[in-house]
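In: For reference, the sequence and a predicted model appear below.
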Amino acid sequence: MTKISKNTVCLWYEHDAEEAALFYAKTFPDSSVGAVHRAPGDSPSGKQGDVLTVEFTVMGIPCLGLNGGPAFKHNEAFSFQVATEDQAETDRYWNAIVGNGGQESECGWCKDKWGISWQIIPIALTKAYTGSDRSAAKRAFDAMMTMKKIDVAAIEAAVRG
């Protein structure tokens, strides 16, 4: 039997939690798909034998995908925030999410094709807007406000003034 985590993020999917979990496991390090559990009986959102829940990990965070039907949709009130080391890593995650049926948003945010929001945030940006030089922080913040995917070189240039 799988050890049950005391705290797990439960994500509601219409019917494709397993597909989402496999995508996350392929895309992000320290991510994997665990047990897939099938419904023991019929429910409003599926039939006996359909995939009901999927245990998976995204970058070390335990998650449970629940195939609950169309009743609830994801929104930006919940997001995964991924701190990236450089532009290449930023591009890799952003392009994987957006290129797999997702959509771009503003200021480093994007959504995957299942509606889960992601913040792909270079560490350089976080350091810039939280730094002690408040004028440099404002320049970096203002630069970020004009971006979709974060451009590390433009953030660094804004910090330099």
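Out: Happy to help now that I have it.
In: Please list all residues in contact with residue 49.
Out: Going by C-beta atoms under 8 Å, 6 or more residues apart in numbering, residue 49 touches 38-39. Just so you know, the C-beta spots here come from the backbone N, C-alpha and C atoms, and that holds for glycine as well.
In: so what's the backbone phi/psi at it?
Out: In this entry, residue 49 is assigned phi and psi values of phi 90, psi -20 (degrees, to the nearest 10).
In: ok, now residue 62?
Out: phi -70, psi 130.
In: Kindly report the same for residue 92.
Out: Geometry field for residue 92 lists phi and psi as phi -60, psi -50, criterion degrees, to the nearest 10.
In: repeat for residue 138
Out: With angles defined as degrees, to the nearest 10, residue 138 shows backbone torsions of phi -70, psi -40.
In: cool, the one 5 residues further on as well?
Out: Note on residue 143: backbone dihedrals following degrees, to the nearest 10 are phi -60, psi -50.
In: Residue 52: what secondary structure?
Out: Using DSSP: H, G, I helix; E, B strand; the rest coil, the structure places residue 52 in strand.
In: just the one 3 residues further on next, same as before
Out: When states are read from three-state DSSP, the local structure at residue 55 comes out as strand.
In: What pLDDT does the model give it?
Out: As summarised for this prediction, residue 55 has a pLDDT of 97.
In: Touching, it and residue 35? I think so.
Out: Yes - with the criterion set as C-beta atoms under 8 Å, residue 55 and residue 35 qualify as a contacting pair; they are 4.7 Å apart.
In: quick one, phi/psi of the closest residue to residue 104 other than its chain neighbours?
Out: Counting by C-beta to C-beta, 6 or more residues apart in numbering, residue 104 lies nearest to residue 148, which is 4.5 Å off, once chain neighbours are set aside. Backbone torsions for residue 148, taken as degrees, to the nearest 10, come to phi -100, psi -90.
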